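J.: Just to be clear, the model below is a prediction. Sequence and coordinates:
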Amino acid sequence: MREAAKLTNVTVSTTAAEAAHTRIEPGILYFGTPVVLLSTADQAGTANLAPMSSAFWLGWRGMLGLGAKSKTAQNLMRNRECVLNLPSDALAAAVDRLALTTGADPVPSRKYERGYRHEPDKFARAGLTPVGSETVRPPRVAECPVTMEAVVEAVHPLAEDDPKQRGGVLVFEVRVQRVHVHDDVRMPGTEDRIDPDRWRPLIMSFQKLYGLGPQVHPSTLAKIPERLYRGPDIERSRANENRFTNGSQR
Ligand SMILES: Cc1cc2nc3c(=O)[nH]c(=O)nc-3n(C[C@H](O)[C@H](O)[C@H](O)COP(=O)(O)O)c2cc1C
């Protein structure tokens, strides 16, 4: 039997640990994150829409992991604007119609080998409706219950330490400056809250699409009032005029 790891604060049982887990090397570690339909625009103002799910939020900042050769990454590098449209689980079929498509032309060779094809009009392909945004050029998706207009504040390279992977994936740090929601996901009796019992995100887990089940346990963290999470980016977002609805510039 291997010697137990020396830890000062807990007693480690190697036999119990070995019985509970089997060591594996999965090709991907996508344990389940919400799908985002990311709209961007190129220099000519042509809109693109791409599903992605390597995304998380801290305050009004979003972190978005994207292949550097995607049309979306190229649009973000140039124009630094996007809309994060969050589809509900009811929109799974529309999201799936965008799978294996790219706005990039020509299709990058690695993608071509995996069956990707160029699609110039992703909105039509998905059967989704573009509607104008207030502060950025890319359109919002009318059918998505949540849409967040955002600007790129920083680009963080992933796996810079490895010459084989360097430059392949970029993590875009975006600052949200408008949140729009369908009324049916709002918490009754509140001005600014989304009700997690009404909001049904579409989740991608190991390439497959899922919904969420009901709440499974009372949450101790939820005792912290949501207003205590409000950060300075919310105030900052109000300084932005409605660039495209009343003509003034950001
Ligand atoms: C459900 C789903 C989730 C995806 N998540 C990501 C992701 O997090 N990051 C990424 O780079 N590509 C992701 N992809 C693949 C992109 O959609 C794909 O690279 C696409 O070609 C990007 O489109 P674009 O080249 O027009 O930007 C996902 C695809 C699907 C269908």
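T.: That came through, no problem. Numbers count the residues shown, from 1 in each chain.
J.: for the protein, what helix or strand is lowest in average pLDDT?
T.: The helix or strand of the chain with the poorest confidence is helix 14-20; it has a mean of 77 (mean pLDDT, DSSP states H and E).
J.: Show me how far whatever helix or strand comes next after it is from its chain's centre.
T.: On the C-terminal side of helix 14-20, the nearest following helix or strand under DSSP states H and E is strand 33-34. The chain centroid and the centroid of strand 33-34 are separated by 7 Å, computed with CA atoms, centre = their mean, to the nearest Å.
J.: So which elements touch the least confident helix or strand of the chain?
T.: For helix 14-20, the contact count by 3 or more CB pairs under 8 Å, 6 or more residues apart in numbering; DSSP states H and E identifies no helix or strand as a packing neighbour. The way it works is simple: take the backbone N, C-alpha and C, and place the C-beta from them, glycine included.
J.: What residues of the longest helix along the chain count as buried?
T.: Longest helix in the chain, counting residues (DSSP state H): helix 71-79. Residues of helix 71-79 classed as buried by neighbour count (16 or more other CB atoms under 10 Å): K71, T72, A73, Q74, N75, L76, N79.
J.: ok, which of those residues also contact the ligand?
T.: Taking CB under 6 Å from any ligand atom as the test, the ligand is in contact with K71, T72 out of those.
J.: which of the buried residues of helix 71-79 lies closest to K122?
T.: Taking CB to CB as the measure, K122 lies nearest K71 of these, at 9.3 Å.
J.: Let me see the contact set for the closest residue to the closest one other than its chain neighbours.
T.: For K71, ignoring the flanking residues on the chain, the nearest one in space by CB to CB, 6 or more residues apart in numbering is G103 at 3.4 Å. Taking CB atoms under 8 Å, 6 or more residues apart in numbering as the definition of contact, the neighbours of G103 are D42, N48, A50, S70, K71, T72, H118, E119, P120, K122.
J.: In a markdown table: those residues, plus pLDDT.
T.: As requested, the contacts of G103 are exported to a markdown table (pLDDT from 0 to 100):
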| residue | pLDDT |
| --- | --- |
| D42 | 97 |
| N48 | 98 |
| A50 | 98 |
| S70 | 97 |
| K71 | 98 |
| T72 | 98 |
| H118 | 98 |
| E119 | 98 |
| P120 | 97 |
| K122 | 98 |
